[in-house]
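A.B. asks: Model the following, please.
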Amino acid sequence: MRTRNVVILASWITAIVISTVIILKGGATYANIGIALFLFFMAGGVSFAVGYSLHDTEELKLSKELSSLTSKLEEIEKKINSIEGKVEKIEKFLEE
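C.D. replies: Residues are numbered from 1 along each chain as shown. Reported below is the predicted structural model:
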């Protein structure tokens, strides 16, 4: 799972479990229901904030690595082409 999904899932599970325990142990009073609602609003806020702040950091890292590897491969290809050109010149010289 992606980091973003794990954070969102954990916040909702935590809000549900803590709210359930508070209401079951302390009864359905206004204070306990208020705390439960506060936890649900916090989980909703975390879901919204994480959804817009963690823009797939894994994918960003991967794309940076891929672009780095692509540039390195292009450099290697240029070097190979120059070596091939030099080898061809040497072969022509040796044939003469």
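
A.B. asks: Flag the shaky bits of the protein, pLDDT-wise.
C.D. replies: Where the chain drops to pLDDT under 70, the residues are 1-2, 51-58.

A.B. asks: Do a quick rundown of the helices in it.
C.D. replies: Using DSSP state H, the helices of the chain run over 3-26, 30-53, 57-95.

A.B. asks: Identify the residue nearest residue 33 in space, chain neighbours excluded?
C.D. replies: Spatial nearest neighbour of residue 33, excluding adjacent residues (C-beta to C-beta, 6 or more residues apart in numbering): residue 23 at 7.1 Å. Any C-beta I mention is one placed from the backbone N, CA and C, and that applies to glycine too.

A.B. asks: thought the one you found was touching residue 36?
C.D. replies: Yes. If you go by C-beta atoms under 8 Å, residue 23 and residue 36 touch, sitting 6.0 Å apart.

A.B. asks: When those two are compared, which one has more neighbours?
C.D. replies: The residue with more neighbours, out of residue 23 and residue 36, is residue 36; 19 against 15, by other C-beta atoms under 10 Å.

A.B. asks: any idea how far residue 49 is from the more buried one?
C.D. replies: 20 Å (C-beta to C-beta, to the nearest Å).

A.B. asks: Same question for residue 42.
C.D. replies: Distance, residue 42 to residue 49, by C-beta to C-beta: 10 Å.

A.B. asks: repeat for residue 92
C.D. replies: 67 Å.

A.B. asks: So these two - more neighbours on which side?
C.D. replies: Of the pair residue 92 and residue 49, residue 49 is the one with more neighbours under other C-beta under 10 Å, namely 13 against 9.

A.B. asks: And for residue 50, the neighbour number?
C.D. replies: 16.

A.B. asks: residue contacts, it?
C.D. replies: Residue 50 is in contact with 4, 7-8, 11, counting by C-beta atoms under 8 Å, 6 or more residues apart in numbering.

A.B. asks: Once you drop chain neighbours, what's closest to it?
C.D. replies: That would be residue 7: by C-beta to C-beta, 6+ apart, it lies 5.0 Å from residue 50.

A.B. asks: Test my guess that that neighbour contacts residue 43.
C.D. replies: No. Look at residue 7 against residue 43 with C-beta under 8 Å: they stay out of range, at 10.5 Å.
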